[in-house]
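*Asks:* Structure, please.
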Amino acid sequence: MAFAKYFRKLMGWCPMKDSRKKERQEDFFSVFNSENRNLQLMPSPASLQESRVLKARVSLVDSRWVLWILIIVFFTLIVSLLLWAYSPEGSFLILFSGLIWFLLPLIFFLNHPNIVEVMSGKIMIKRPLSKSVMIEKEDVTQISVKKNKDHSMRWFFRLLFIAFISLYLAETIMMDLEVLERSAPEYPELSTFLIQLSLATLFLVQYYNGELVTSYQRVINITTRSNLNLKLYIDEPEEILRIL
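*Replies:* Numbering: from 1, shown residues only. Modelled structure (predicted):
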């Protein structure tokens, strides 16, 4: 026993001393952590909420876009009629009477439901060929969440579109192709075929625009002070309301 005590004393081992050493180490690390809290700041839930960016589909009812659509439709009709009426007989210029009709599906495609970014206190809308629109929280006058009626009718619209486009292609486009194949096509016939093809493209574009939003069950209606009405489509509308 005496030899064991002497050996432990010689090796510097003592249970009480070891426990005191451990306590000093814990105190040291606790002081280190307390003094360096500013180096290990964890973001709070509020800051995480402010830094979040949600993306949704937006259908923007803008008077400027409506005006542009009316101008382009009017311009297309007038130019097409003028080219058809005053182009020299047998001139290829009459082809532009049909080509210009493709402006209609193009303008509707550019006005498809875009992606909107919702951040803390503001909404950013990015539009093609136009400046981005920034809506501050202070500009919003009313927010309401409603059921998306197009979602419940989506299969009816799909079947209706398939039936219509099938009949249109079969009765109009295919018949025109048969006429063009039987004889050497003339420019007026080609122009008529282009007009009908542009209308079919317009139907396809409108179907594409509808498919972008019909999958969402609810829609957020937002009214602003500038009479700008927004419809936001997202799977969880509560997330947007929580961020705003």
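*Asks:* Run a quick neighbour tally on the residue nearest to S80 when sequence neighbours are not counted.
*Replies:* Distances taken as CB to CB, 6 or more residues apart in numbering place S97 nearest to S80, at 4.7 Å, with adjacent residues excluded. Every residue, glycine included, has its C-beta placed from N, CA and C. When neighbours are defined as other CB atoms under 10 Å, S97 has 24 of them.
*Asks:* Tell me, please, where in this structure the pLDDT is lower than the cut-off.
*Replies:* Scanning the chain for pLDDT under 70 picks out the ranges 1-51, 61-62, 128-129, 182-185, 244.
*Asks:* Which parts of it are strands?
*Replies:* Along the chain, counting by DSSP state E, strands occupy 54-61, 114-119, 122-125, 133-136, 140-147, 218-224, 229-233.
*Asks:* Just name the most buried of those.
*Replies:* When those are scored by mean count of other CB atoms under 10 Å, the highest mean neighbour count falls to strand 229-233 (a mean of 21).
*Asks:* In contact with the residue most central in space within the chain: list those residues for me.
*Replies:* Among the residues of the chain, the one closest to the centroid is I115, at 2.2 Å (CA atoms, centre = their mean). Listed by CB atoms under 8 Å, 6 or more residues apart in numbering, the contact set of I115 reads 55-58, 126.
*Asks:* export those residues to JSON lines and tack on distance to E239?
*Replies:* Output for those, formatted as JSON lines (distance: CB to CB, whole Å):
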{"residue": "K55", "distance to E239": "11"}
{"residue": "A56", "distance to E239": "9"}
{"residue": "R57", "distance to E239": "14"}
{"residue": "V58", "distance to E239": "15"}
{"residue": "K126", "distance to E239": "20"}
